[in-house]
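> Quick one, structure for this:
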Amino acid sequence: MIAKARTGRGLLSAKALLVYILPTAAAAASWELPHPAAPPIAIEAPEDRPFPGTIRLHVDATDVTHRVYQVEETIPVQGGHPLTLRFPQWTTGDHAPTVPLEGLAGLVITSNDRPVAWVRDTSDVHSFHVTVPRGARALDVRYQYLAPVDASIGSVTVTPTMLDLQWQTVVLYPAGYYVRDITYLPSVTLPQGWQFATALDGAVRTGDVVNFAPVTLDALVDSPMLAGAHVRRLMIEEKAAPVSLYLAGETDAATQPPPDAVARYSSLVAQAYKLFGSRHYDHYDFLLWISDDISTYYEHHRSGEQSVRADFFARWNTSTGYRAAPVHGYVHSWNGTFRRPVEMWTPDFNTPERDSLLWMFEGLTEYWKVVLCARAGLWTREEALDSFGNTAVSVANRSGASWRPLQDVNNDVLISFRRPMSWAGWQRNMFDAYQEGELIWLDVDTLIREQTRNERSLDDFARSFFGVRDGSYGEYTYTLDDVVAALNKIAPYDWAVFFRSRLEDTAPSTRLDGLERGGYRLTYGEVPPPTIKALRDAKGIISLSYSLGAVLDQGGKVVDLSWRGPAYNAGLTQGATVLSVNGLPFSGGTLEDAVKATGAGMPLVLTAKIGNEERTLHIDWGGGLRYPHVERVGAKPALIDDILAPRT
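So this is what the prediction gives:
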């Protein structure tokens, strides 16, 4: 039966309904169906050709109160010819489009003091099409970059006493060229009396204005500037090429390291040279912002950006884990900025990177970070072993690996780059590629040593693969096939199958092979190792990841929860707040004592506030407190000890 249709006047019969519909259907048949709109103005693809002329760039960085940079560019043009200016999206090492376009404001373009029209591309909003007047020889471009005023907006790079000038945030560049073919003449006005450091060459200071030598755009973006009211320079290497440690602090006292700090970072440089047998800079600057407000991290050919906590040096002897802060970026001078996966190299800053080799770009860097920290004395052997152990236990308990292979995780930077997750262990994120990549390379190193009776190692690969073209800081790209071929020259093996199994298998059984082949194994005990205890104390958390599967803050709030772990299965969720433990008011000590008692058969009952509801949760766990440890396996050679030993 056909239902009657209701109109504003009543009900239509079935016959009337057909009469009502059919003319409309007939008319629709004659309508033009939709088609895509015409594409916007075409943006020139980058070509490897020199840009005609030099672009003048001046940044006024004096308004640190409002965190505003005033930017001026003078761009040579050919009158009457169209021009597209682009704001960078991508920078090397960040793996995702992260340059904050929303910070660009106040864009005004003139030529001979007359306004010049511009329009933003409706498809690529990082691009601005400019109508260049006939007869014009240059465009004057003015705008501001509005740096985040606090962490709720983005990474803070400017405070009243220091700044991190990242050139990618203060440049518009012409489309149609490789960035290595565009030359800039940069200059900066600093707040009165501030000092600075940057890898840029040819600095000439007049008052508070600093002019630099002409530089290609790729090298400019690769050379951030540290500046501040309290800046200290410490020379840590002078022989092969100058290596300096530049410190910017809220006070002069914050930039005063303990006596052995410089010696250990100097040893880091020496051990890196022994590892790689080369350098890819004419000078290198460690740039450290010692502040609880600044938040920055990038790696470059000739410098490394790194923010550390305000008490970095005050806690030097107790917070050993933080000593490694600059090391990852330094290793990238070889692995990542010099030798770079071909899919990660792009001709400009608006062409997307591809990250299929992220596990090598970041994972191998993390591996050598641990190794070099031990060899340089930044960490003890035990601390380095604990670091391997922490990585191993995290990887071994990663639930998401049962459905999502590591090769797909490499794409995560394009899915959820640094965004918070509800269930990170199950969803997986880009940092899994760091950790699992680290264990893959421990596996490779120990396997080479086992195959060659410890006569060859990953050190040989480092020298043959990364130690070439000594002194060059241009990019030298590679593929996975190149990696396999280089390893086969060190120790013949089916490396292609080796990598494929670790990248493509879900929940592979080989994850801890390198640790165990190296003479150690992962175990659990009720006392946390020193590194976990130090991290727990520094962050003020109660870490029960490997017992209840939960991490709480001192107020009882659940800040991390393992997917389908005991606490999860009992009904606890992230964001919940534990109010009581076995009838006693919550405290970190009360909870840890109660978890420890489960090993003797005692129950564990929590009262938690979940949303607006209080619930009583019975947690099914009888294993007591459980923390990861690495212990020696006596029957096997201690290959990891050999890996961590300083080179002479």
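
> those helices in the stretch 151-300 of the chain, which residues are they?
Here the stretch 151-300 of the chain has its helices, by DSSP state H, counting those that start in this stretch, at 217-221, 259-276.

> actually the stretch 451-600 of the chain, not the one I typed
For the stretch 451-600 of the chain, the helices defined by DSSP H, counting those that start in this stretch cover 458-461, 480-490, 495-504, 513-517, 530-539, 566-570, 588-597.

> what's the most buried one of the helices of the stretch 151-300 of the chain?
Mean neighbour count, computed with mean count of other CB atoms under 10 Å, is highest for helix 217-221 among these, reaching a mean of 24. Every C-beta, even on glycine, is put in place using the N, C-alpha and C of the backbone.

> same for that helix, what does it pack against?
Using 3 or more CB pairs under 8 Å, 6 or more residues apart in numbering; DSSP states H and E as the contact criterion, the neighbours of helix 217-221 among helices and strands are strand 183-189.

> Parallel or antiparallel, list what pairs with the strand it packs on.
Sheet partners assigned to strand 183-189 using DSSP bridges are listed as strand 54-63 (parallel), strand 209-211 (antiparallel), strand 215-216 (antiparallel).

> Among the ones you listed, which comes closest to residue 316?
strand 54-63 (30.6 Å; CB to CB).

> which parts of whichever helix or strand comes after the closest one are buried?
Moving toward the C-terminus from strand 54-63, the first helix or strand encountered (DSSP states H and E) is strand 68-76. Burial within strand 68-76, assessed by neighbour count using 16 or more other CB atoms under 10 Å, is assigned to 68-71, 73, 75.

> Check stretch 553-568 too.
Under the neighbour-count criterion of 16+ other CB under 10 Å, stretch 553-568 has 556-558, 560-563, 565-568 buried.

> Touching stretch 146-158 from outside, list them.
The contact list for stretch 146-158, computed with CB atoms under 8 Å, 6 or more residues apart in numbering, reads 61, 64, 66-69, 100, 103-105, 163-166, 169, 293-296.

> May I have it as PDB, with CA atoms only?
Presented in PDB, the C-alpha positions along stretch 146-158 are these (Å, rounded to 0.1, in the frame of the first residue of the first chain):
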ATOM      1  CA  LEU A 146      52.600  36.100  15.800                       C
ATOM      2  CA  ALA A 147      54.400  33.600  17.900                       C
ATOM      3  CA  PRO A 148      52.300  31.700  20.500                       C
ATOM      4  CA  VAL A 149      51.800  33.700  23.700                       C
ATOM      5  CA  ASP A 150      51.400  30.500  25.800                       C
ATOM      6  CA  ALA A 151      51.500  26.800  25.500                       C
ATOM      7  CA  SER A 152      47.700  26.500  24.900                       C
ATOM      8  CA  ILE A 153      48.200  28.000  21.500                       C
ATOM      9  CA  GLY A 154      51.400  26.200  20.400                       C
ATOM     10  CA  SER A 155      55.100  25.700  21.200                       C
ATOM     11  CA  VAL A 156      56.400  28.800  22.900                       C
ATOM     12  CA  THR A 157      59.500  30.100  21.100                       C
ATOM     13  CA  VAL A 158      59.700  33.700  22.500                       C
END
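
> Give the buried residues for that stretch.
Of the residues in stretch 146-158, 146-148, 155-158 count as buried by neighbour count, 16+ other CB under 10 Å.

> For that stretch, what is the distance to the chain centroid?
A distance of 17 Å separates the C-alpha centroid of stretch 146-158 from that of its chain, computed with CA atoms, centre = their mean, to the nearest Å.

> distance of the most centrally placed residue in the chain from residue 430?
For the chain, residue 94 is the residue whose C-alpha lies nearest the centre (CA atoms, centre = their mean; 5.2 Å). Between residue 94 and residue 430 the computed distance is 11 Å (CB to CB, to the nearest Å).

> got it, and residue 215?
In terms of CB to CB, residue 215 sits 31 Å off from residue 430.

> again, but for residue 231
Residue 231 sits at a distance of 33 Å from residue 430 (criterion: CB to CB).

> Those two: who's more crowded?
Neighbours around residue 231 and residue 430, counted as other CB atoms under 10 Å, are more numerous at residue 430. The numbers are 21 against 18.

> looking at it, the more buried one is touching residue 361, isn't it?
No: shown here, residue 430 and residue 361 do not form a contact pair, counting by CB atoms under 8 Å, at 11.0 Å.

> contacting residues for residue 458?
Under the criterion of CB under 8 Å, 6+ apart, the neighbours of residue 458 are 441, 444-445, 448, 643.

> So which of those wins on neighbours?
residue 444 (25 neighbours).

> pLDDT below threshold where in the chain?
Confidence mapping of the chain against pLDDT under 70 gives the ranges 1-30, 414, 416-418, 531.

> rerun that using 50 as the cut-off
1-12, 15-22 (pLDDT under 50).

> Now do the domain split for it, please.
Residue ranges for each domain of the chain read 1-35, 54-229, 339-523, 530-625, as given by automatic domain parsing.

> Figure out which of these is closest to residue 285.
Per CB to CB, nearest to residue 285 of the domains of the chain: domain 54-229, 5.6 Å.

> so how far is that closest one from its chain's centroid?
Counting by CA atoms, centre = their mean, domain 54-229 is centred 22 Å from the centre of its parent chain.

> One more: stretch 384-403?
Between the centre of stretch 384-403 and the centre of its host chain there is 19 Å, according to CA atoms, centre = their mean.

> Show me which positions of that stretch end up buried.
384-395, 398-401.

> again, but for stretch 336-350
336-341, 343-344, 346-350.

> Endpoint to endpoint, that stretch covers what distance?
19 Å (CA to CA, to the nearest Å).

> ditto for stretch 179-191
Between the opening and closing residues of stretch 179-191 there is a gap of 30 Å (CA to CA).

> Offset the numbering so it begins at 6, please.
Understood, numbering begins at 6; the last thing we discussed is stretch 184-196.

> Just confirm residue 628 contacts residue 604, I think it does.
Yes: in this structure, residue 628 is within contact of residue 604 by CB under 8 Å, at 6.2 Å.

> ranges for the strands of the stretch 406-555 of the chain?
481-483, 525-530, 546-549, 555-558 (DSSP state E, counting those that start in this stretch).

> contact partners of stretch 57-74?
By CB under 8 Å, 6+ apart, the residues outside stretch 57-74 that reach it are 75-81, 83, 149-154, 161, 163-166, 168, 170, 174-176, 178, 187-197, 213, 219, 232.

> and the strands paired with strand 188-194 as CSV, adding mean neighbour count?
CSV is the format used below for the strands paired with strand 188-194 (neighbours: other CB atoms under 10 Å):
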stretch, mean neighbour count
strand 59-68, 20
strand 214-216, 16
strand 220-221, 20
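
> Please enumerate the strands of the stretch 56-205 of the chain.
For the stretch 56-205 of the chain, strands defined by DSSP E, counting those that start in this stretch occupy the ranges 59-68, 73-81, 88-91, 109-116, 119-120, 123-125, 132-135, 143-151, 163-164, 167-170, 178-179, 188-194, 200-203.

> Using CSV, write out the CA atom coordinates for the last one.
Output of strand 200-203 as CSV, limited to C-alpha atoms (Å, rounded to 0.1, in the frame of the first residue of the first chain):
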residue,chain,number,x,y,z
GLN,A,200,73.4,38.1,22.4
PHE,A,201,72.8,35.5,19.7
ALA,A,202,74.1,32.3,18.1
THR,A,203,73.3,30.7,14.7
